[in-house]
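Undergrad: next input, structure requested:
(2 chains, ligands or ions: 2)
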Amino acid sequence: MLFESAYLITRFGKMNNKSKKDVNEQMLSGTTGADDVAVSVKGLRKSFKNVTVLDGIDFDIQKGTVLALLGPNGAGKTTTVHILSTLLLPDSGSIKINNFDVVKQVNKVRSLIGLTGQYAALDEYLTARENLQMIGRLYRLSHKDIGRRTDELLELFDLVHASNRAVKTYSGGMRRRLDLAVSLIASPPILFLDEPTTGLDPQSRLIMWDIVKHLVSGGTTVLLTTQDMDEADHLANKIIVMNGGKIIAEGTSEELKLLVGSERLEITVINEEDFERAATIIQEENLRIEKSSKKLSFATKGGVHQLKQVLSQLDEAKIEVENISFHSPTMDDVFLTLTGHMTNTEDAGSKEDGVMIH
Amino acid sequence: MTTRFINNDVKPESHSRLFWLISDSWVLAKRSIRHITRNLDQLFSVALFPIMFFLLFRYVFGGAIDTGSISYVNFLVAGIFVQMLAFGANYTTMNLAIDLQRGIVNRFKSLPISRSALLIGHVGADLVRNMMTGLIVIGVSFLVGFEPVAGVIDWILIFILAALFSLAISWISAVMGLIVKSIEAAQWTGFIVIFPLTFVSSAFVPTETMPYALRLFAENQPLTHVIEAIRSWLVGTPVGDSGWLAFAWCIGIIVVTVPTASWLFKRQTLR
Ligand SMILES: Nc1ncnc2c1ncn2[C@@H]1O[C@H](COP(=O)(O)OP(=O)(O)O)[C@@H](O)[C@H]1O
Ligand SMILES: [Mg+2]
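TA: Ligands and ions are numbered 1, 2, ... in the order given. Purely as a prediction, here's the structure:
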């Protein structure tokens, strides 16, 4: 029942963004005080041996909101989450969870947070129910509370049918859901989710999104990390873009989109010889070309006029077009705009690719 | 949607530290005990290993080994029994190493649990596994002609020493599980440490036939004392000093390894 609505919400428009906007307006209008800050990070630094992994990170998360850390592999997302969830010590900086210090008041902090790591922290040989009961008791809940919470969570996460099966028989999506359910057994008001949907099939991904939205609507504060701009866009009130242990941009998804363009128009030409000419004909800002796949893309406001204009220009030049598509900006688009290079260096071999032309 | 994810009425119970140490250890031991029955590998080795070893020594080597006044099968039972307890303890090394390598250790680390509970859980499960193994060894021995002379008191003494020995060797295994860097290494340590200890002892042959240096080691190492003590209670062989030495060794090992393992574990799971 819970999940049926998820498809409608996530597939057809952003109905739920209304509540997100309310929160944003509240944040902007300055009606929030120090008591409304669930997570506060100031000057966070961390090195492993001589390698600096976090190089001065600052951010706050308002209670009841979602913050997304968006960044490629190696950006420092997991390290940040581990420090915030008391698994790692910071080298320097002040980190507070509900005003409790993560270094000095570890047990207080641990009682407030739930962590769902990048890799499932489940016992493969136990059933879903046994996993929940075990962690519930280790959180020192009463047997009565454990029983009630276990039933509730199994139901909400659609795992009742599989609750008495060993976890090793579970699919990736079921594992993620159970892993999240286990983190929620003690009802923590603050939740850390490290790449909750990486590697999931699209359907499981939508289910996870829906769960996160429900958690937030119930008042939970969420910090999630992701490599997916779309995910950050759907879930987060505020997005922090990280790269190489630094914050390179932050803002609401609307603000980031203003920077990157809300949608991109992608044109694939048929003939390789036409490619260079097409690149000079299209006079758009932020034009990105990928020679190897004969693709050109640029930010668009989505107007039919602009599309018509570009197509007629290409037509006049007798350049045949194989494919035209719109897509929402990916993390690569964000990174290209912010840093001028792609997130991964796979394409580095062919210099033409991924170059911006203004 | 009426059910809430956040139930503010979910509150931790409050009890003494000792209560939680016992409770946490029990919860984690229960977990490891469930692994025994759900992991076919473990179940097989608990049941098949002792039977295989027993039959091998009894029928393949047995005829060629001279054990003097007592029959070889009567000599052998104590040896196989203790060897199987020692082999079983390798599961503590393995399972601890596996836990530390996998994501689940992060979950345990972020819980407010008693520091040594995970160790006690693994060692406790080992004890249960070893009880099962011990019963199988004794059971099989009756099928192949074992004739013990042990009375009730002897059986009780055997039970107590077997439990103490199992704990001692499991705690050694826990220390090894915390030192090794990989699951593969955990597998090897068991063989490197436990194989020589069980074979260079009086488990399968009287030590008199060994070269001097080996014999010196064999006669003074803890496993021989444990084997000699159990053998004397089972079939009435002379016990010498082995009885009290066996208890002393086991208790001594536990006294040293428990704090060592706890300290290592604390260091490993430090942030
Ligand atoms: N324990 C560690 N020792 C050394 N380097 C590490 C350790 N953990 C992470 N790193 C390094 O820190 C960087 C950031 O890693 P991580 O926080 O996992 O990034 P992300 O989660 O964004 O992919 C990477 O270059 C990684 O290799
Ligand atoms: Mg990561």
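Undergrad: tell me the residues of chain A that contact ligand 2?
TA: A:77-78, A:118 (Cβ under 5 Å from the ion). For every residue, glycine as well, the C-beta is placed using N, CA and C.
Undergrad: out of those residues, which sit inside strands?
TA: Here DSSP state E is the test, and those give no hits in strands at all.
Undergrad: buried subset of those?
TA: A:77-78, A:118 (16 or more other Cβ atoms under 10 Å in any protein chain shown).
Undergrad: what's residue 61 in contact with, if anything?
TA: In the absence of a named chain, chain A is used. A:37-40, A:67, A:221, A:223, A:238 (Cβ atoms under 8 Å, 6 or more residues apart in numbering or on different chains).
Undergrad: actually, chain B is the one I wanted.
TA: residue B:204.
Undergrad: that one in helix, strand or coil?
TA: Classification of residue B:61 by DSSP: H, G, I helix; E, B strand; the rest coil places it in helix.
Undergrad: low pLDDT regions in the chain?
TA: Picking chain A for this. A:1-34, A:261-262, A:302, A:340-358 (pLDDT under 70).
Undergrad: nope, chain B please
TA: Checking chain B against pLDDT under 70 turns up B:1-9, B:271.
Undergrad: from residue A:276, how far out is whatever residue of the stretch 51-200 of chain B ends up closest to ligand 1?
TA: The minimum distance from the stretch 51-200 of chain B to ligand 1, using Cβ to the nearest ligand atom, falls at residue B:106 (12.4 Å). The spacing between residue B:106 and residue A:276, counted by Cβ to Cβ, to the nearest Å, is 51 Å.
Undergrad: quick one, which of those two is more surrounded?
TA: When neighbours are counted by other Cβ atoms under 10 Å in any protein chain shown, residue B:106 and residue A:276 differ, and residue B:106 comes out ahead with 19 against 12.
Undergrad: helices along the stretch 51-200 of chain B, start to end?
TA: For the stretch 51-200 of chain B, the helices defined by DSSP state H, counting those that start in this stretch occupy B:72-88, B:90-101, B:104-109, B:117-143, B:152-179, B:183-199.
Undergrad: and for the stretch 51-200 of chain A?
TA: Using DSSP H, counting those that start in this stretch, helices in the stretch 51-200 of chain A cover A:77-84, A:106-110, A:128-138, A:143-156, A:172-183.
Undergrad: is chain A contacted by the one helix or strand residue B:28 maps to?
TA: Under the criterion of DSSP states H and E, residue B:28 resides in helix B:17-38. Yes. Using Cβ under 8 Å from any Cβ of the partner chain, we find that helix B:17-38 touches chain A at B:20, B:23-24, B:27-28, B:30-31, B:34-35, B:38.
Undergrad: circling back: which one among the residues of chain A next to ligand 2 gets closest to residue B:90?
TA: Ranked by distance to residue B:90 (Cβ to Cβ), those are led by residue A:118 at 30.9 Å.
Undergrad: quick one, what contacts that closest one?
TA: Applying Cβ under 8 Å, 6+ apart, the residues near residue A:118 are A:78, A:194-195, A:198.
Undergrad: give me the buried entries from the residues you listed.
TA: A:78, A:194-195.
Undergrad: near ligand 1, which of these show up?
TA: Contacts with ligand 1 within these, as defined by Cβ under 6 Å from any ligand atom: residue A:78.
Undergrad: any idea how far the spatially closest residue to residue A:271 that is not a sequence neighbour lies from chain B?
TA: Once flanking residues are discounted, residue A:271 sits nearest to residue A:320: 6.5 Å by Cβ to Cβ, 6 or more residues apart in numbering or on different chains. Plainly put, residue A:320 is 51 Å away from chain B if you go by Cβ to the nearest Cβ, to the nearest Å.
Undergrad: wait, residue A:320 sits on residue A:274?
TA: Yes. With contact defined as Cβ atoms under 8 Å, residue A:320 reaches residue A:274; the gap is 7.0 Å.
Undergrad: ok, those two, which is more surrounded?
TA: residue A:274 (18 against 11).
Undergrad: helix, strand or coil: sort out the spatially closest residue to the more buried one that is not a sequence neighbour for me.
TA: Spatial nearest neighbour of residue A:274, chain neighbours left out: residue A:319 (4.3 Å); criterion: Cβ to Cβ, 6+ apart. Following three-state DSSP, residue A:319 is assigned to coil.
Undergrad: dump the buried ones among the contacts of residue A:118 into TSV; add distance to chain B as well.
TA: Formatted as TSV, the buried ones among the contacts of residue A:118 follow (distance: Cβ to the nearest Cβ, whole Å):
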residue	distance to chain B
A:78	11
A:194	10
A:195	13
